[in-house]
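In: Here is a sequence together with a model predicted from it:
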Amino acid sequence: MSEAQSLIDVDATVIAFALRRRTAAATGQAPPAWLIGLVSLVLLLGHVLILGSWGWIGLVLGLILPTLLGMILLGCSRRAGWVQLHVLAGAGGALMAYAIIALWVNPEQVSTTALVLARGAVIVGVLVMLILAALRIRRASRNPEAGSSPVLRAGVPTKAGDDDR
């Protein structure tokens, strides 16, 4: 881990504990889930690509971008219409960002063809898993009683007496 990454981790931890927890709901409707995923992807790609370059400017931007993403997610998650699909999109954007970054990293000095094929397969696998998870969440939201995963319903009692999970 680089010194810059260590500094960012410490700063993010201090900021997280310094922020007050607000429970009031924000006004307006949550943005579409695909937009949350795209914003997550772009900001985290920028974070990783900028962090190791541009000296102190890269360090500052490397701190600002994930902080901005956190603020966007926090603000949007308080709005009406925020559902599990939004959570998946935010996490999926992060997964895709790091899967894409893997195309540029070649510490094993593998041939370019093998690198692109192997890591391309990982990207396709991540996309397939995200699509399957999104379909499962949509199906569970349409019919919450028919075989939905307990993880998708965590903390939401569905019948009298179910709230003690």
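Out: That came in fine, so what should we check first?

In: going forward, measure contacts between C-alpha atoms and count neighbours the same way
Out: Will do.

In: Tell me where this structure is predicted with low confidence.
Out: 1-26, 144-165 (pLDDT under 70).

In: residue nearest the centroid of it?
Out: Central residue of the chain (Cα atoms, centre = their mean): Ala91, 2.5 Å from the mean position.

In: so that residue sits right up against Val39, yeah?
Out: No - counting by Cα atoms under 8 Å, Ala91 sits too far from Val39 to count as a contact (10.9 Å).

In: I'd like to know how far the closest residue in space to Gly28 that isn't next to it in sequence sits from Gly93.
Out: Leaving aside its sequence neighbours, Gly28 sits nearest to Arg79 (Cα to Cα, 6 or more residues apart in numbering; 6.0 Å). For Arg79, the distance to Gly93 (Cα to Cα, to the nearest Å) stands at 20 Å.

In: ok, the two, which is more surrounded?
Out: Taking neighbours as other Cα atoms under 10 Å, Arg79 and Gly93 compare with Gly93 leading, 24 against 17.

In: now the helices for this protein?
Out: Taking DSSP state H as the criterion, the chain contains helices spanning 3-18, 33-51, 55-77, 84-101, 112-142.

In: between these, which gets nearest to Thr27?
Out: With Cα to Cα, the closest approach to Thr27 among the helices of the chain belongs to helix 55-77: 9.4 Å.
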